[in-house]
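Asker: One predicted model, sequence on top.
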Amino acid sequence: MTTNGTAGVTDAEVTAVDEAEEATETETQPEPRDSVVRRSVLGARAQLLGAVLLAVALLVSAGVAAWLYFKQYRPDQETNAAVAGVALDAAKTGTVALLSYAPGSLDKDFAAAKSHLTGDFLSYYTQFTEQIVTPAAKQKSVKTAAAVVQAAVSELHPDSAVVLVFVNQTTVSKENPDGAFAASAVKVGLKKINGAWLISSFDPV
C-alpha cells in the first residue's frame, strides 16, 4: 500500500476526495456572464413583443368597437346607403311635385308641393305661386309635367343632404299647344325635420 505524504491515507482515497472537490466546484461555479446577459435580452424581447401584440389587439378591438358604435348602434348618426336612399327619394318626389301643375288643379298641386318643403324656401314658394304662377297658369292655361331622369346624392349628413337632380319638363299652354320641352339640372338641398326629409333649397345648376 502506498501513501501520499499523509499517514493512513491511500492513493484511492486521495483521488476520491479530489474528484468530489472538482464535482463540487463544477456544480457551484457561477453561470458565465454572457449567458446571463443573453437570457436577459431574450426575456426582455419576449416581454416587449407580448406588449406590442397586446397593444395592437387593443387598438384593433377599439377600432371595431368604435365602428360598430357609430355605424350600427347610433341611428341618429347614420349616413349609410339606406339613409341616402330615403333622402334621394325625397328629393326626386319633391322635385316632381314642385314642377308639375295644371290650371284645373292648382290649389291641390301647390298644396302637394308645399308638403315637401320647409324653411325660407317654403315661404318663397308660397309667395311665388300665389302672385306669379297662379295668375299666369289660369290666364294662359299652363300645364307642366316633370320627370326625374337621374339623381344622385352629393352630400349627406345626419340632418341635411344635397341631391343633384336631372329633370325633363314639358309645358303646354294656349300659346304653345304642341308643348315645349326643357331639360335642366337642379341642386336640391334637404333638411331632416321630425324624421322627414324636406326641401330647403332648389337651385338650378
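Answerer: Sure, I can see it.
Asker: in which helix or strand would I find residue 146?
Answerer: Assessed by DSSP states H and E, residue 146 sits inside strand 143-156.
Asker: Following the chain onward from that strand, which element is next?
Answerer: Note on strand 143-156: by DSSP H and E, the next helix or strand toward the C-terminus is strand 160-172.
Asker: relative orientation of that following strand and strand 143-156 in degrees?
Answerer: 160 degrees (axes from the mean of the first three to the mean of the last three Cα atoms, to 10 degrees).
Asker: Show me the helices in the chain, by range?
Answerer: 11-28, 33-71, 81-99, 106-114, 119-128, 134-140 (DSSP state H).
Asker: Can you verify my assumption that residue 184 contacts residue 204?
Answerer: Yes - Residue 184 lies in contact with residue 204 (Cβ atoms under 8 Å); the separation is 6.0 Å. Every residue, glycine included, has its C-beta placed from N, CA and C.
Asker: Who has more neighbours out of those two?
Answerer: Neighbours per residue (other Cβ atoms under 10 Å) separate residue 184 from residue 204, with residue 184 holding more: 13 against 8.
Asker: Quick check: chain neighbours aside, which residue is closest to the more buried one?
Answerer: Computed as Cβ to Cβ, 6 or more residues apart in numbering, the closest residue to residue 184 that is not its neighbour in sequence is residue 167, at 5.4 Å.
Asker: Report the beta-bridge partner residues of that neighbour.
Answerer: Beta bridges link residue 167 to residue 148, residue 184, judged by DSSP bridges.
Asker: Show the contacting residues for it.
Answerer: With contact set as Cβ atoms under 8 Å, 6 or more residues apart in numbering, residue 167 has these partners: 95, 99, 146, 147, 148, 149, 183, 184, 185, 186.
Asker: do you know how far it is from residue 199?
Answerer: 13 Å (Cβ to Cβ, to the nearest Å).
Asker: Over to residue 143?
Answerer: Counting by Cβ to Cβ - residue 143 and residue 199 are separated by 22 Å.
Asker: Looking at the two, which is more packed in?
Answerer: Using other Cβ under 10 Å, the more surrounded residue of residue 143 and residue 199 is residue 199, with 26 against 18.
Asker: The more buried one is in contact with residue 124, isn't it?
Answerer: No - with contact defined as Cβ under 8 Å, residue 199 and residue 124 do not form a contacting pair (11.2 Å).
Asker: which regions of this structure sit below the pLDDT cut-off?
Answerer: Where the chain drops to pLDDT under 70, the residues are 1-79.
Asker: ok, of the contacts of residue 167, which one's closest to residue 162?
Answerer: Distance to residue 162 across these (Cβ to Cβ) is lowest for residue 186, with 10.8 Å.
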